[in-house]
Structures are given as structure tokens and as C-alpha cells.
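Engineer: here is the input, now give the coordinates:
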Amino acid sequence: MSSFPSLASPASKPVPALAQSMAVATDPQLHSTNLTYSMSSETIPRSVSSGELWSRPSQYGMSQASSFIGEKPQHPIGAYPDLIQEYAIIEDLLFVFMGIAGNYIKFELPSHSNGLEEDDPMDDIQSVTSLDTWDHIKYDIDPTLDPSLRHLVEKLLPLASYYMSLDAFVVKYSRFEYGTINHALCSALRDLTKEYLNFIAQLEHQFRTSCEFTLHRLWFYAQDTLQQMQVLHQLVHAVRALELQPVDDQDDDFDAVLEHLKDDPDDIHVPDRQKGAALLNLLADRMINYGGDPKCKQIYTFLLSQATQPYFNIMQEWIYRGHIKDAYSEFMVLEKSNVKKENLKEDFNDAYWEMRYTLRRGALIPSFLEPLKNQILLAGKYLNVVRECGVNIVKPDAMQHTLAVLDQQKQQEPPTISPSASTRHQPRPNPTSSSTSTSSSSSSSITPLSRSTSSTRPEPFVFRGHVHKPSDLSQVVIRNDVWTAVDGGTFVKNLEVAYRYANHTLLHLLLHEQQLNARLRSLKHYFFLDQSDFLTSFLDLAKDELKRPADDIPITRLQSLMDIVLRNSASVTASDPFKEDVVVVMSPLKLVDQLLCIINVAGLDASDTSHLLSNPRDMGSSLFLDRSQSMANSISNSQQLASGSREALNGYDALTLDYTVTFPLSLVISRKALTKYQLLFRHLLCLKHVEDLLCQAWMEQKERHWRHQPRPTTATNAATAFKFRAFSLRSRMLSFVQQFTYYVTNEVLEPNWQQLHGNLAKVDTVDEVLQYHSDFLDSCLKECMLTNSKLLRIFNKIVSSCMKFANHMERFSQALQQAEDEHAGLFGLPKPGKKDTNANQQLEACHRTLTKLEEGFGYHMRLLMDALNYYSATETVQFLCLVVRLDFNGYYKNKKA
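Structural biologist: Numbering: from 1, shown residues only. Predicted coordinates for the structure are as follows:
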């Protein structure tokens, strides 16, 4: 830690000299060497060295034993002259001021505080006394004391209460379980109490050496000390009050509770409301509230500067190394050790980037750091990823120079990505990324990272860091005194340097060393089929395998076939350096069933899907399961859903691709992102498979018995009408599939990809990369109708009708062939073999089947048109493009009318 610069560690401020403000040493009369005091007709020397006052007690009617504090005097104090009473009571007060009972002044400590004096300081740590306990210490003053002296003594005794309260606080809150900030505060209070004891020592010196030192002088000298000790007492009183605040169960983090369960049950746990940021917030608030009193402000400035030092030590380790050294859970950033980067490749719901390091909630963040909390979080998160990748992190002093070099290199490099001309989609507003970008651009004028040694008056602090809300800036302006106490100007400059370095380093790592853009283009080739020759070849080679039930298909054979296709020199994928990362997998359920299952698990239905999709960012977190749910639960529920289906899952329904991604690319291309890619791929594969089936039906309809035109008779007219109806239905179905495929590829995937391509060319932060990529996938899913359960069910019905029609083509051909044999005189020469007398019945059955398919397809097409028109007004106007393509001539609209 010695190599770290002075990051917000407040400069070591001098201890407020309480003794100087108490004016004890400022009175020249107190330093006279031959001071005497006249009592009646006799002169009584009061020299500490001679001790004549106490060496001749019998002369003044006092016993020798009464000079020893703590022993019971033989006579009450009222038996002595007024002057002796004053001397005796002053000596008692000097002991009482240090928490020691005198001869004539006794006191009774609070019942629970007696445990502080025991040998075992760890005993009964959780015992809580009432808040006014230390304000009501019972003092027993000798009743025979002169009333005027007694009045002054009663006005001075609160000073003893304040000291004992501070001493008890320091003893208790210095225990290790109260955390480093409490320890630093107790250390500062201990320094102040040392000044207080020095003041008592000076008082005692004047009492022993000056005969003019009276109780009135003591009261005069103690005025400032009494006020300042009262300020400290009120502070520790407020800190004790934190212990009595009710616990908000809603703020309890489930993962944090699990972490505490792993701790040793014998360890004493101190709630967060008694340590860390809660304590700093209390100091900052009281410093502002009592800012009108210069002496009070000086005390709180000193205490706040000392208490924040361990907090900023943790922070500088975080923003300069990406590592948290927080043994007492005081830092604003919470580390969840159970979230590991390896889960990014396995768990669909793993949110390493969002959940590994998170900000604490509520009062667990210092109020004066609230506007900077996101920048502090991101600076450490970026460096943590860089450090885990094995990249060397430069020393803090070299960060500014490294930034200048990287900026020069960036300006010299030619642009590798050009923004697309397509501006159909406007970028979604992102407060976090926009404000982060603002802070990054504004940080270009920051000063080098160094300790300020200038003796000139510092300029007023102007906040230029990350502002998450507009109101945060005014809060910083209000808290200028707090920022001055913690050296806020230097802290903000150093934070911006660390943030820019961390962001630039990780962004360079992702975009250049890890080739993020090339990886995304590779994903586009394989999952979006922009160059799908490899898939056509693969489906041709694996068609026999894919017709079998999914459970009977050997994955290794499919993978070997995919490898052959990808390595084919004639394929466009042969030059792809990432083709080895493509993996063939089989899904346990159909695409529609999986999507509906995901929507159901997210607690959605057709009625509230539009509300969810109105915010794409919420869709990414809500639609694809809550983070507390695992993909295993989703798959198990999906398997239960699939088990209820009568249809067996074949290879075409279950086929999908996977992609191998390593850290840190898995931050961007996580399991959740890959699952979205897989859903889009299966959607395209389904359309391609249905198109192939309909094309095969078209080829079937080119056979002779479909093209032959017999002589018009009653029997042949029915067969001819059946042919025309089949031709028309096949044409409408094929048109639907082709138009829908064109819409998905050319009007959804490609424009969104071009927008992502352009956004990645001008990103300034890693969070912008994550946000743009997430928005890209969410937009594609939404505009492809994969997030709306109603549209999804309608689409599934239409696709099922198309597949049923294609599957019935063989039956239709057989019926027509039998009809031709039945009416050989009309169709030509009879074929050898026995004639089928049930040909008319089979043809009539085919008529009925075709009628059901026509009615079902037409009904669902009209229903789809209505739903698309509705959701184009409530969700996205992009659906209107699909409406225009599917009903370009108003056929379905007129059919409905």
C-alpha cells in the first residue's frame, strides 16, 4: 500500500488543541513563581514541592488521612473553613474529571457500564443501556459543602460525565468486531481525550503552584472544554443510538445472509447500522448541521478526516487493483464469492457482471460518495476483470501516462467499424452509460495523479464526476465542507484517472485482444444464417439422422458431420478462425414450448406481455427468468410441459447450435446471450425446414397426376377442384413462410445488427458494450414475435398447419392416383392390377382434410393480422412491415369482411 498515492486518504490533520482553547496557559499570572494566597491573618503556601499545606494538617483542623483520595474522611467538609472546602473540593474535582471518585464527591456509574471495568472486556457486548444513561450519572456531594461552592461544582460535574462517556465508548467500540472505521474514530477520540487529560494536568499544576487558582477560575477555564466535550458526548450518544434503530428486514440480502451462516457461530456480529458507512454518514450530517460553530466544525472535520482513512484505504485498493480487502463488510461494494466467472458458460441465469460485485443499499453507502458510487463500482469491476485475465496493471502513478499513450494510439488507428447507414432504430436511453460517457469525456482535463504540495489556497471544489441523478450535483455542492474534510477534490481527480484507465484497459482487451467484433460476426454467420451454405449442406448430410426421434440421435455423429461441412474448402466458413467453437446440441423440447415455458416461469401471460415488452431492458431480466431461478428448474418445467405433448420430438425440432466462449468474452457473450442466439437460430431453422417441406410439396405437385387435365365430368371436376385448392393453399403457405423469413432476416436481424455494428464503433465504456449487445438481442427477439405468448401461439398454429399440409401431400397424391386408376377411361389407359373401389371415399376424405387445413390456416392468418395491427400500436411499429408483406393485396382483410 505504500506505493499508492494520496487517494482521498484525508491529509493528516492536527488534533484540535483543546488545551490551547481552554486558555489555561495563556494567563501570565499562573506562571508566577512566588504566588501566595491570604487566608484570614495567615499566609498558606501552596507549593507542590514543599507540600506544607498537607504536612501540617492539625494546624488547619485536617487529618493526615484525609489527603488520600478514596479513603473516608474523618470529618465532613463543612467542618472546615470555606477556603479549605474550596481547596478540597477542587482536588476532588480533578480526580472526578478523570473518572475517579473523590473524598467528598462520589458517583455511581450506569449499571450496564460497570462491565466495562471488568477484566474481561468482551463480556456482554450486546448489552444496551438507555440513551440518557450517561446524562444521568448520580453524583453524591457532601451535603455540608458551602452552597455557593456546591452550585459551581454541580455546573462542572457534567465534564466528568462527558469524559466517562467518551472513555466507555472508546473501550467498547475499539473491539475488533466493530470494524476499522469505528477503530479510527476511537483513535481520534483517544487523541482528543489525551488533550483533555493534558488540560486536567495543567489545571492540577496551577492548583498546586498558584494560590490564586480558585473554583471560579476553574469554572472560567473549563468553559470551552465543557462545550467541546459536550459535542463529543453528543456524538457518541448518537453513535450509541444507531444500535437501537429497528432493523429493516427488506434490506437484508439473501446472499449476505448465506455468507453469515458460513461464519463461525461463536463470532460476534455487529450490524451494518453500527459501523462503516452508517458511521461516516452520521459524522458528515452532524458536521453540516453544526457547521455554524467554528470550534464544533473543527472537531467534526478532524474526526471525519480520521474516520474516513481506513475506508479510503479499502477504496484505493479497489479502484487501483480491483480487489476488496474488507474484513468487516464496511465498504460500499459487496463481493459475493459464490458467484464465479466459470458459471457464465453453464448457468443461463448467471449474472456474474451484475452480481459478483454490487453496491450496498440504502445507508450503507456514505452520503458524500453517493454521486460517485457507480463510477467507484465500475472502476474496480473493470480492473478486477483485467486482473483475472492475467493482464499487468500499472502502478497508480503511471496510469495518467498510460492513458495519454493509449489515447494517441487510438487517434492514429484507422477506424475498423463504420456506423451503418441504417437509422431505423434509435438508441435506447441509458442513464448509466450516458452519464458514464459524460464523466469519461469530462475527465480529459484532469491533472496528473500526485500529491498536492502547493501552499496556495485551494480552489473551491467543483464536482465533475459521474452524476447518476440530476439532484446529486446539488448534494455535492451542499456538502462542500465534507469534501474539504476528506480532500474531495483530489479524490475525484484520482478516481477519474483510475476509472478511465480501468475502462480503457478492459475495453481494449475486449475489442482488440479478444476480438469481440470478429466473434460477433462469427455468431452472426452461424446463428443468423447470413451465409447459410454450411447449414444446407449439413441438413442434406444429416437428413436421415434428423428424421429420427431426438433421443435416438447420436450427438457425436451430428458433430462430426458439422465439422466436415465447416472444414469444406468450398464453404464460406472455411476461413473462419472460430469455426472450431461451433458445437451441435439437442434441445429437450420444441422451440415454442421452450419460449412459452420461459414466459410462464417469468410469471407472464398474454394479457401482460405487452407491459413487459414496453421496456426491453426489463425483458432481459424478467422474461428470461429471475436470477434466483436456475436454468435447471426452467428445463425441468419445460420437460414436464413437453412430456404432456403427444408429438414426439424429432431431430429437426430439437437441433440447435452452441458456441464455446472463454472469459472475459463470456461477460458479453454469456450463457443468457447464447440462449437468445439459440432461440433465434431455432426460429430460422424452423422457417427453413417448413419452407423445404413446402418446396417438396411443390415438387410433388409437379407430378403427372397433379398436372393432368381430364375431360370435364362430375367425378373429374371434383378431383380438379381439389387440385386447384391444394395448389392455392400450398402457394399461400409458401408465400407466408418466405415473406416471414425475409422479414426476420432482412427487416429485423440485419438492421439491428448494423445498428449494433455502428454502436460498437463509438463505445466509450464496457457497460455500453454490454448494454448495446443486450438491447440488440432483446430487440431481435421482440420483433421476431418470440416474446409475446399470443403471437407465438398463433405463429405455432400456422406453422403446424403448413407442416400438416406438407405431411398430407403423400396421402393426397395417393388419393389422386387411385382416382385416376378408378376412372381409367377418362385419364388414359388403365394400369395393371385390381381397381380400388374406395377411391371416391378417400378423395372425399382428402377434401375434408384440405378443408380443415384451409379454414385453420385462413382463420389463424386473419387472427395474426389483427394481433399484429394491435401490437404494432402498443409495442413496436415494426410489426406493420410484416402486415404489409403478409397481406400486401388485402386478401385476408377482405376475406374477413
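
Engineer: any idea which element the residue nearest to residue 808 when sequence neighbours are not counted lies in?
Structural biologist: Closest residue to residue 808 in three dimensions, ignoring its sequence neighbours and counting by C-beta to C-beta, 6 or more residues apart in numbering: residue 849, at 6.0 Å. Where C-beta positions appear, they are placed from N, C-alpha and C, glycine not excepted. Residue 849 is located in helix 839-874, with elements delineated by DSSP states H and E.

Engineer: helices or strands up against that helix?
Structural biologist: Here helix 839-874 touches helix 714-742, helix 789-822, helix 878-886, helix 891-896, going by 3 or more C-beta pairs under 8 Å, 6 or more residues apart in numbering; DSSP states H and E.

Engineer: which one of the ones you listed lies closest to residue 495?
Structural biologist: Across the helices and strands packed on helix 839-874, residue 495 has its closest neighbour in helix 878-886 (41.7 Å, C-beta to C-beta).

Engineer: any idea of the angle the closest one forms with helix 714-742?
Structural biologist: With axes from the mean of the first three to the mean of the last three C-alpha atoms, to 10 degrees applied, the angle from helix 878-886 to helix 714-742 works out at 150 degrees.

Engineer: contacts for helix 878-886?
Structural biologist: Applying C-beta atoms under 8 Å, 6 or more residues apart in numbering, the set of residues contacting helix 878-886 from outside is 736, 739-740, 742-743, 747-748, 783, 785, 861, 864-865, 868-869, 871-872, 892.

Engineer: try 7 Å this time
Structural biologist: 736, 739, 743, 747, 783, 865, 868, 869, 871, 872 (C-beta atoms under 7 Å, 6 or more residues apart in numbering).

Engineer: again, but for stretch 320-329
Structural biologist: Defining contact as C-beta under 7 Å, 6+ apart, one finds that stretch 320-329 is touched by 4, 179-180, 272, 275, 314, 317-318, 331, 333, 335, 380, 383-384, 386-387, 393, 396, 498.

Engineer: where does the stretch 451-600 of the chain dip in pLDDT?
Structural biologist: Per-residue confidence for the stretch 451-600 of the chain (pLDDT under 70) gives these ranges: 451-479, 599-600.

Engineer: let me fix that, I meant to ask about the stretch 701-850 of the chain.
Structural biologist: By pLDDT under 70, the low-scoring segments of the stretch 701-850 of the chain are 704-717, 817, 819-840.

Engineer: could you redo the last one with a cut-off of 80?
Structural biologist: 701-722, 809-846 (pLDDT under 80).

Engineer: can you get me a residue count around the closest residue to residue 158 other than its chain neighbours?
Structural biologist: Counting by C-beta to C-beta, 6+ apart, residue 226 is the residue found nearest to residue 158 once chain neighbours are left out, at 6.8 Å. By other C-beta atoms under 10 Å, the residues close to residue 226 number 16.

Engineer: residue 226 contacts residue 160, doesn't it?
Structural biologist: No. Between residue 226 and residue 160 there is no contact, the gap being 10.5 Å when judged by C-beta atoms under 7 Å.

Engineer: now list the buried members of the contacts of stretch 320-329.
Structural biologist: Neighbour counting over those (16 or more other C-beta atoms under 10 Å) leaves 4, 179-180, 272, 275, 314, 317-318, 331, 333, 335, 380, 383-384, 386, 393, 396, 498 as the buried ones.

Engineer: which element follows the one helix or strand residue 386 maps to toward the C-terminus?
Structural biologist: With elements delineated by DSSP H and E, residue 386 resides in helix 373-388, which encompasses its position. In the C-terminal direction, the helix or strand that comes right after helix 373-388 (DSSP H and E) is helix 396-412.

Engineer: which residue ranges of the stretch 351-500 of the chain form helices?
Structural biologist: Counting by DSSP state H, counting those that start in this stretch, one finds helices in the stretch 351-500 of the chain at the ranges 352-355, 373-388, 396-412, 431-442, 470-478, 480-485, 488-508.

Engineer: just say which of these is most tucked in.
Structural biologist: Ranked by average neighbour count under the criterion mean count of other C-beta atoms under 10 Å, the helices of the stretch 351-500 of the chain are headed by helix 488-508 at a mean of 24.

Engineer: where do the strands sit along the stretch 201-350 of the chain?
Structural biologist: Counting by DSSP state E, counting those that start in this stretch, residue ranges of the strands within the stretch 201-350 of the chain are 333-335.

Engineer: per-residue pLDDT of residue 188, please?
Structural biologist: We note a pLDDT of 94 for residue 188 in this prediction.

Engineer: for it, helix, strand, or coil?
Structural biologist: With DSSP: H, G, I helix; E, B strand; the rest coil as the basis, the three-state label of residue 188 is helix.

Engineer: was I right to think it contacts residue 303?
Structural biologist: Yes. Because the distance of 5.1 Å satisfies C-beta under 7 Å, residue 188 is recorded as touching residue 303.

Engineer: picking up where we left off before, and the contacts of the helix holding residue 386?
Structural biologist: Outside helix 373-388, the residues that reach it (C-beta under 7 Å, 6+ apart) are 315, 318-319, 321-322, 332-333, 341, 357, 359, 365, 369, 393, 432, 436, 439, 465-466, 468, 495, 498-499, 502-503, 505-506, 509, 664, 667, 766-767.

Engineer: any idea of the angle that helix forms with helix 488-508?
Structural biologist: Between the axes of helix 373-388 and helix 488-508, defined by the same axes, to 10 degrees, the angle is 50 degrees.

Engineer: pLDDT on helix 373-388, on average?
Structural biologist: For helix 373-388, the per-residue pLDDT averages 88.

Engineer: could you do stretch 234-244 as well?
Structural biologist: Taken as a whole, stretch 234-244 has a mean pLDDT of 88.

Engineer: list the buried residues of that stretch.
Structural biologist: Across stretch 234-244, burial judged by 16+ other C-beta under 10 Å covers 234, 235, 236, 237, 239, 240, 242.

Engineer: looking at those, which one is closest to residue 794?
Structural biologist: Nearest to residue 794 among these, counting by C-beta to C-beta, is residue 242 at 58.5 Å.

Engineer: shouldn't residue 564 be within a helix?
Structural biologist: Yes. Under three-state DSSP, residue 564 falls within a helix.

Engineer: residue 523: neighbour count?
Structural biologist: For residue 523, the neighbour count with other C-beta under 10 Å is 22.

Engineer: which helix or which strand is home to it?
Structural biologist: Taking DSSP H and E as the criterion, the element that holds residue 523 is helix 516-527.
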